[in-house]
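S.K.: Return a 3D structure for these sequence lines:
(chains A and B)
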Amino acid sequence: KAGVTQTPRYLIKTRGQQVTLSCSPISGHRSVSWYQQTPGQGLQFLFEYFSETQRNKGNFPGRFSGRQFSNSRSEMNVSTLELGDSALYLCASSPGSTSSYEQYFGPGTRLTVT
Amino acid sequence: AQTVTQSQPEMSVQEAETVTLSCTYDTSESDYYLFWYKQPPSRQMILVIRQEAYKQQNATENRFSVNFQKAAKSFSLKISDSQLGDAAMYFCAYRSAYAGGTSYGKLTFGQGTILTVHP
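M.R.: Sure, this is the predicted structure:
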């Protein structure tokens, strides 16, 4: 099976712009989680989607949003970008609805805000 | 809220030797899962090993094994016969076993330990 894919891999945006990142989970996986990784804050949970529904959200401002499509692909959007949004954004997929499943990560999207 | 602490920012080991990475966690839950992930310079997070809290037996995966001490809330990773390819950042992570609310899809990570392997 193909792994989790994320596009684009690298992105440079200007403060105030908005950005959309995409994540395609492993075939058959229905849960997608998003994480932000920065040197200062480490890995922080953004949100999780299952069957097109957001089931959980981390402690991030409303500028961070996401959605999931019927084919389980997910997008996350960040509006009004700030310099502090520069980070590696990772998505992870898992097979089902229970917490017993491992999460498998994509290669990440490196976002730089200037 | 759960927290995960990795007290060793950096560790080093000689090739073919054994190294142990430490992790402690804090939770009021009795049922949960613990993981070790590896992140090499490529930044791809790779699952190394997982442990279910209800299992007393320590998990092993080839050269990787854990020492899970539930009462002490400790979860260390032992890498035997270290190889150059083991060099990476290692993250300890916690996941609640309870389905619902703030548990869905959320891994709580430690700050990571950079492992260097010397030839």
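
S.K.: Next, the contact list for the nearest residue to residue A:18 once chain neighbours are set aside, please.
M.R.: The spatially closest residue to residue A:18, leaving aside those adjacent along the chain, is residue A:79, at 4.4 Å (C-beta to C-beta, 6 or more residues apart in numbering or on different chains). C-betas here are computed from N, CA, C, even on glycine. Residue A:79 makes contact with A:18, A:63, A:65 under the criterion C-beta atoms under 8 Å, 6 or more residues apart in numbering or on different chains.

S.K.: 10 Å instead, please
M.R.: A:16, A:17, A:18, A:19, A:20, A:61, A:62, A:63, A:64, A:65 (C-beta atoms under 10 Å, 6 or more residues apart in numbering or on different chains).

S.K.: Residue B:40 too?
M.R.: Contacts of residue B:40 were listed using C-beta under 10 Å, 6+ apart, and they are B:46, B:85, B:86, B:87, B:88, B:89.

S.K.: could you redo the last one with a cut-off of 6 Å?
M.R.: Contacts here follow C-beta atoms under 6 Å, 6 or more residues apart in numbering or on different chains; on that basis residue B:40 touches residue B:88.

S.K.: pLDDT score for it?
M.R.: You'll see residue B:40 listed with a pLDDT of 94.

S.K.: cool, and residue A:99?
M.R.: 61.

S.K.: Quick check: chain neighbours aside, which residue is closest to the spatially most central residue of chain A?
M.R.: Residue closest to the average C-alpha location in chain A (C-alpha atoms, centre = their mean): residue A:34, at 3.3 Å. Once flanking residues are discounted, residue A:34 sits nearest to residue A:46: 4.1 Å by C-beta to C-beta, 6+ apart.

S.K.: Checking my notes, that neighbour in a strand, right?
M.R.: Yes. Secondary structure of residue A:46, determined by DSSP: H, G, I helix; E, B strand; the rest coil: located in a strand.

S.K.: burial count for it?
M.R.: Neighbour count of residue A:46, defined by other C-beta atoms under 10 Å in any protein chain shown: 23.

S.K.: in terms of contact, does it touch residue A:59 like I think?
M.R.: No. Taking C-beta atoms under 6 Å as the definition, residue A:46 is not a contact partner of residue A:59, at 9.4 Å.

S.K.: Can you name the residues bridging to residue 77?
M.R.: You didn't say which chain, so I picked chain A. In this structure, residue A:77 has the following beta-bridge partners (DSSP bridges): residue A:20, residue A:65.

S.K.: hm, I was asking about chain B
M.R.: Bridge pairing for residue B:77 (DSSP bridges) gives the partners residue B:21, residue B:66.
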